[in-house]
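*Asks:* no sequence for this one, just the structure:
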């Protein structure tokens, strides 16, 4: 399963399964992603806990990528 996060246009009430229905927070996706899933994060401003949140996801064997990242 692929999960999308976009702090600019997302909403944690969305289903998170497409860019147009992205979650707003990485914290929310931590609760739904499972091992083998992928989390795709849109470039935007996120809280300062982002590195820790990404570490939590990766420790759970969830792939994480920033869309449009270099």
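*Replies:* In hand now; what should we look at? Worth saying up front: this structure is predicted, and the values here are computed from it rather than measured.
*Asks:* which intervals of the chain have sub-threshold pLDDT?
*Replies:* For the chain, the stretches flagged by pLDDT under 70 are 69-70.
*Asks:* Tell me where the longest helix sits in it.
*Replies:* Looking only at the chain and at elements set by DSSP state H, the helix with the highest residue count is helix 50-59.
*Asks:* Buried residues, that helix. List them.
*Replies:* Neighbour-count burial for helix 50-59 flags 50, 53-54, 56-57 (criterion: 16 or more other CB atoms under 10 Å). Where C-beta positions appear, they are placed from N, C-alpha and C, glycine not excepted.
*Asks:* burial measure for residue 34, as a count.
*Replies:* Residue 34 has 10 neighbours, counted by other CB atoms under 10 Å.
*Asks:* quick one: it from residue 40, how far?
*Replies:* 15 Å (CB to CB, to the nearest Å).
*Asks:* what sits against residue 12?
*Replies:* With contact set as CB atoms under 8 Å, 6 or more residues apart in numbering, residue 12 has these partners: 23-25, 28.
*Asks:* Quick one: these as TSV, columns for secondary structure too.
*Replies:* What follows is these, written out as TSV (DSSP: H, G, I helix; E, B strand; the rest coil):
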residue	secondary structure
23	strand
24	coil
25	coil
28	helix
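*Asks:* By neighbours, which of those residues wins?
*Replies:* Compared across the contacts of residue 12, residue 23 has the highest neighbour count, 25 neighbours, by other CB under 10 Å.
*Asks:* Surely it is in contact with residue 8?
*Replies:* No: Residue 23 is beyond contact range of residue 8, at 11.9 Å (criterion: CB atoms under 8 Å).
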